[in-house]
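>>> got a predicted structure plus its sequence, pasted below:
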Amino acid sequence: MAQLPILEFPDPRLRTRATPVDPGWLAEPATQQLLDDMFETMYEAPGIGLAASQVDVHRRFMVIDISEEKNQPLVFVNPLITGRSGEQVYQEGCLSVPGIFADVARADSITVQALDRHGAAFTLQAEGLLAVCVQHEMDHLEGKLFVDYLSPLKREMVRKKLAKQRKQTDAA
Ligand code: GNR
Ligand code: NI
C-alpha cells in the first residue's frame, strides 16, 4: 500500500477531462493496487472521496467512503448520473483545494449507474452527503473543481490564499 501525491489547485492537470475505463483494465493487478492506494490516500488525508484525476490518472473512476468507521468503501467506474431531483446547499471542501470551504448548490437526490471494482454494473440511489460527494467527484472527472462555482474574484482569493499557505509550509 502507498499514499499517492494529490494534485492541488491551480495545477492545470486537474483540468484534464478523464476518458472512459476499459473494463478489461480492472482485471490487472496494478489497477486493483491503484484502487487500494487511492483508498489509503483518501483515508489518511482524511477525506470522504477521491477522484482518479486528483492523483494524475485521467480515467473515469473514483473512490468514496462517507462512513464514520471508514468501512463502507465504494468504487465507481465510468459513473453516469441517470436521474436527479431537488436541491441542497452543502459547505464543500476538496483535498485539491486544502483549507478552503464554500457553499455549493447541487441536486439533493441522484441516481447513479457505474461499474464496481470488479466490473459489475450497479445502480445507486444517493441523497444528502453521498449525493454531494458523487457529484463533486464526477466534476473532477470533467476537470471541474468546486471553486469553479464561486465568483472569479473569490476564486482568485482562493488561489492567493493557497499560494501564501504553500510559501509558509515551504519555508518551515
Ligand atoms: O473529503 C472531502 N470532503 C468533502 C466535503 C464536502 C463536499 C465534498 C467533499 S469531497 C472531499 C474529498 C475530495 O476532494 N474529493 O474530490
Ligand atoms: Ni475534490
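Good, I have the coordinates. Ligands and ions are numbered 1, 2, ... in the order given.
>>> alpha carbons only for contacts and neighbour counts from here, please
Noted.
>>> which residues does the spatially closest residue to residue 72 that is not a sequence neighbour contact?
Closest residue to residue 72 apart from its sequence neighbours, by Cα to Cα, 6 or more residues apart in numbering: residue 65 at 5.5 Å. Contacts for residue 65 (Cα atoms under 8 Å, 6 or more residues apart in numbering) come out as 48, 49, 71, 72, 73, 74.
>>> greatest separation within those: which pair is it?
49 and 71 (13.2 Å; Cα to Cα).
>>> for the protein, which residues are neighbours of ligand 1?
Proximity of the chain to ligand 1 is confined to 47-51, 91-96, 133, 136-137 under the rule Cα under 6 Å from any ligand atom.
>>> so who does residue 134 touch?
Here residue 134 is in contact with residue 64 (Cα under 8 Å, 6+ apart).
>>> helices or strands up against the lowest-mean-pLDDT helix or strand in the chain?
Every helix and strand in the chain was compared by mean pLDDT, DSSP states H and E; the lowest is helix 152-171, with a mean of 94. Packing partners of helix 152-171 (3 or more Cα pairs under 8 Å, 6 or more residues apart in numbering; DSSP states H and E): none among the helices and strands.
>>> how about the helices in this structure?
29-44, 128-141, 152-171 (DSSP state H).
>>> got the CA positions of the second one in CSV?
Provided in CSV are the C-alpha atoms of helix 128-141 (Å, rounded to 0.1, in the frame of the first residue of the first chain):
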residue,chain,number,x,y,z
GLY,A,128,-27.6,14.1,1.2
LEU,A,129,-23.8,13.9,1.7
LEU,A,130,-23.3,10.9,-0.5
ALA,A,131,-25.1,12.6,-3.4
VAL,A,132,-22.9,15.7,-2.9
CYS,A,133,-19.8,13.6,-2.9
VAL,A,134,-20.7,11.6,-6.1
GLN,A,135,-21.4,14.9,-7.9
HIS,A,136,-18.2,16.5,-6.6
GLU,A,137,-16.1,13.5,-7.7
MET,A,138,-17.8,13.4,-11.1
ASP,A,139,-16.9,17.1,-11.6
HIS,A,140,-13.2,16.2,-11.0
LEU,A,141,-13.5,13.7,-13.9
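>>> since that was my last question, I'll sign off now.
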